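Engineer: pasting the structure only:
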């Protein structure tokens with residue numbers, strides 16, 4: 001995903017900026033296409049929070065994983081409210097970044113929420129990340145890491 005987001009800054013839930021390259025280097029990235037006004041997005045966000053927390057935020061050794069929220073909200077304020085209310089400590093593409101729309105087209109997003117898991121190159125590992133997280137929990141992550149061909153010795 002560094003190939004796609006390189007040179008961009010991403011936003012944290014707390015409003016800080018991070019460089020995409022530094023944050024996403026050698027990681028499996030899950031693009032989370034969602035909107036706060038969407039009931040399904042609001043339903044899935046807490047599950048994704050737990051998934052992310054167990055892999056990254058609370059893990060003794062954080063997994064090579066990052067979520068990047070790509071908002072489908074109607075305004076920047078809606079996006080920020082959704083992030084503060086229900087999101088984990090992951091990153092977001094700024095609301096005014098035109099890449100938001102390009103990514104929706106590139107990954108064929110017509111409904112939300114969608115969790116598209118990608119390799120560092122931006123190539124899709126799965127566009128069914130939401131279903132896999134719901135059905136398999138943390139077990140799906142090992143498959144994603146293997147498909148991404150990055151940290152072969154991760155043993156979540």
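Structural biologist: Sure, I can see it. Remember, it's a predicted structure, so these values are computed and weren't measured experimentally. Numbering: from 1, shown residues only.

Engineer: ok, and for stretch 16-27, which residues are buried?
Structural biologist: For stretch 16-27, the neighbour count (16 or more other C-beta atoms under 10 Å) marks 20, 23, 24, 27 as buried. Every residue, glycine included, has its C-beta placed from N, CA and C.

Engineer: With stretch 56-67 instead?
Structural biologist: 56, 63, 64, 65, 66, 67.

Engineer: The residues you listed in strands, which ones?
Structural biologist: Counted as lying in strands by DSSP state E, out of those, are 65, 66, 67.

Engineer: which residues of the protein fall in helices?
Structural biologist: Ranges of helices in the chain, per DSSP state H, are 2-5, 20-24, 39-52, 76-86, 99-106, 129-136, 139-148.

Engineer: so which of the buried residues of stretch 16-27 comes closest to residue 100?
Structural biologist: Nearest to residue 100 out of those is residue 20 (C-beta to C-beta; 13.6 Å).

Engineer: And the nearest residue to that closest one once chain neighbours are set aside, how far from residue 89?
Structural biologist: Leaving aside its chain neighbours, residue 20 sits nearest to residue 5 (4.0 Å; criterion: C-beta to C-beta, 6 or more residues apart in numbering). Distance of residue 5 to residue 89, given as C-beta to C-beta, to the nearest Å: 18 Å.

Engineer: Comparing these two, which shows the higher neighbour count?
Structural biologist: Set side by side, residue 5 and residue 89 show more neighbours around residue 5, with 23 against 13, by other C-beta atoms under 10 Å.

Engineer: hang on, the earlier thing: the residue nearest to residue 20: what's it in contact with?
Structural biologist: 20, 21, 24, 68, 93, 99 (C-beta atoms under 8 Å, 6 or more residues apart in numbering).

Engineer: From those, pick the one nearest residue 1.
Structural biologist: Using C-beta to C-beta, residue 24 is the member of those that lies nearest residue 1, at 5.1 Å.

Engineer: Next up, the contacts around residue 149.
Structural biologist: Applying C-beta under 8 Å, 6+ apart to residue 149 gives the contacts residue 119.

Engineer: how much space between it and residue 26?
Structural biologist: Residue 149 is 11 Å from residue 26, by C-beta to C-beta.

Engineer: so residue 8 makes contact with residue 20?
Structural biologist: Yes - using C-beta atoms under 8 Å, residue 8 is in contact with residue 20, at 4.6 Å.
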